[in-house]
Every structure is written in structure tokens, then in C-alpha cells.
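A.B. asks: kindly generate the corresponding structure for this input.
(2 chains)
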Amino acid sequence: MIEITDGEISLPEMIERARSRDAGAVVTFLGTVRDDGIVALDVEAFHEAVLEELRAIEKEAMSRFGLRAVEVVHRTGSLSVGESIVAIVCSAGHREEAFSGCRYIIEELKKRAPLWKKERGERGERWVGLGGAE
Amino acid sequence: MRIVVIAFANFREILGKERQMQAKDGATVGAILQELAASSQAFREAAFDDTGALRDYVLLMINRKRIDPAQEISRQLKDGDELAIFPPLAGG
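C.D. replies: Okay, here's the model as predicted:
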């Protein structure tokens, strides 16, 4: 399942959906809000375009690494330090494919999915990737 | 013709999330961006440098497909096209 949500991410539910009798490995990646001296992190998405891109990445990962199942959930909205931003679960016959598939999906997501983050701190705010505090 | 402009991140803060624009038939991507710049100094400063060239960090999509601004700024839009304007991606 591919999802963009304002709600909390449930990693256990994603793992359960990815399990299967022919999968010997389930690899998870959880991206969380790091404490870089920020108060909150706002995540914004071009919703429809993100879903299209993630579905394309999922398809590529399934065929390239022979994955059994892929789950990707990305948060939007205002997040606090420690909260989950993105979760990826990949199942495969063996661990090597599951690790490679999970890595491929997060790297491609960061390059291709139209999502943006704004850091809010005590001394101002800035869009990640756009330089100094505004 | 009618063009839908949608903006994200810093450009959304300047332009709003979505606006409908009336444009002459055959209007180019560049013409729409110039019209936005003419109506908003904040957008002009964010999107264009002092020489009037589009800044490198400005990314564009037409109907959810990325275009290369350097190559396709003169591309003509069609009635109902959706032009998306945003800065570099930062998901994950």
C-alpha cells in the first residue's frame, strides 16, 4: 500500500500486510524527525504527484529486486521531534533483496517524490534545501 | 484559454496553493511565469535573478510531468494545462 497521510504511521500494521509465506525477510526503514534545534517540522506534498511517483518507484523495486510486497507511508502536516516522517516495508524471499529494495525506495523517494519540509525553530523557519532562515 | 497554476513550499506562501489564469492562446511557460512576476514582486524576486533569468532552483511540472525549464521555457501551454511551481524536493 502506498499512502500519504496526516495521521500517525503504524509500522506494525505495515509489517503485517507485507508478511507472506514465501517471504523469508521483511526489512523496514523509518525516517524520523531529528532534533536539529527545531520546534517542529512541516511536511508538504503535491499529493497526487507523490502517489504517482511512489507507485512508479514501487513497480521498479518490485521488478528489480523481486520483492514480494512493498509498503510506503509518508506523513504530511506538522511533526514534532522524534515523530515518524516516512516508513517503508519490503518483503522478499531473502534478506539481500529486501535490504536492496528498501534502500532503493528511500533513495528514489528522496530524489523524485514532490515533497517539501519546513523547519520551524526558536529563531525562525526555513524550507529545507533553500538555505538560511527567512 | 485557462491555465491552472499550483505552487508548493515557498512559492505556495507567495502565490497561494492554486490559481486560475486566463492566458492568450499559445501562451508559453515563460509568459505565465512573467505574468506572475508582474503581479507579485515577491514571486519575481524568488523566481528570477537580477538579469531576469529564471533561478536554477525553480522546478516546474506540466500536468504532473517534470519539464526542464532551461529547455522548455518557450513551450506553449494548452487550454486546461496545470503548471506546478516548486523548489527542490526534500521528502523522506
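A.B. asks: quick one, what contacts residue B:25?
C.D. replies: B:1, B:79 (CB atoms under 8 Å, 6 or more residues apart in numbering or on different chains). The way it works is simple: take the backbone N, C-alpha and C, and place the C-beta from them, glycine included.
A.B. asks: and the pLDDT for it?
C.D. replies: Per-residue confidence (pLDDT) for residue B:25: 95.
A.B. asks: next one: residue A:134
C.D. replies: 45.
A.B. asks: could you do residue A:103 as well?
C.D. replies: pLDDT, residue A:103: 98.
A.B. asks: so whichever strand or helix holds it, near chain B or not?
C.D. replies: Residue A:103 belongs to helix A:95-112 when assigned by DSSP states H and E. Yes - residues of helix A:95-112 contacting chain B under CB under 8 Å from any CB of the partner chain: A:106, A:109, A:110, A:111, A:112.
A.B. asks: redo those as a markdown table? Include neighbour count and pLDDT.
C.D. replies: Formatted as a markdown table, these follow (neighbours: other CB atoms under 10 Å in any protein chain shown; pLDDT from 0 to 100):
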| residue | neighbour count | pLDDT |
| --- | --- | --- |
| A:106 | 17 | 98 |
| A:109 | 23 | 98 |
| A:110 | 15 | 97 |
| A:111 | 12 | 97 |
| A:112 | 17 | 97 |
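A.B. asks: what is the nearest of these to chain B?
C.D. replies: Set against chain B, the nearest of the residues of helix A:95-112 next to chain B by CB to the nearest CB is residue A:110 (4.3 Å).
A.B. asks: follow-up on the earlier one: TSV for the residues of helix A:95-112 next to chain B, including distance to residue A:80?
C.D. replies: Shown next, in TSV, are those (distance: CB to CB, whole Å):
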residue	distance to residue A:80
A:106	21
A:109	22
A:110	21
A:111	26
A:112	27
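A.B. asks: residues near the residue of chain B found nearest chain A, how many?
C.D. replies: Nearest to chain A, among the residues of chain B, is residue B:91, at 2.9 Å (CB to the nearest CB). Neighbour count of residue B:91, defined by other CB atoms under 10 Å in any protein chain shown: 25.
A.B. asks: residue A:111 is in contact with that one, correct?
C.D. replies: No - between residue B:91 and residue A:111 there is no contact under CB atoms under 8 Å: 9.1 Å.
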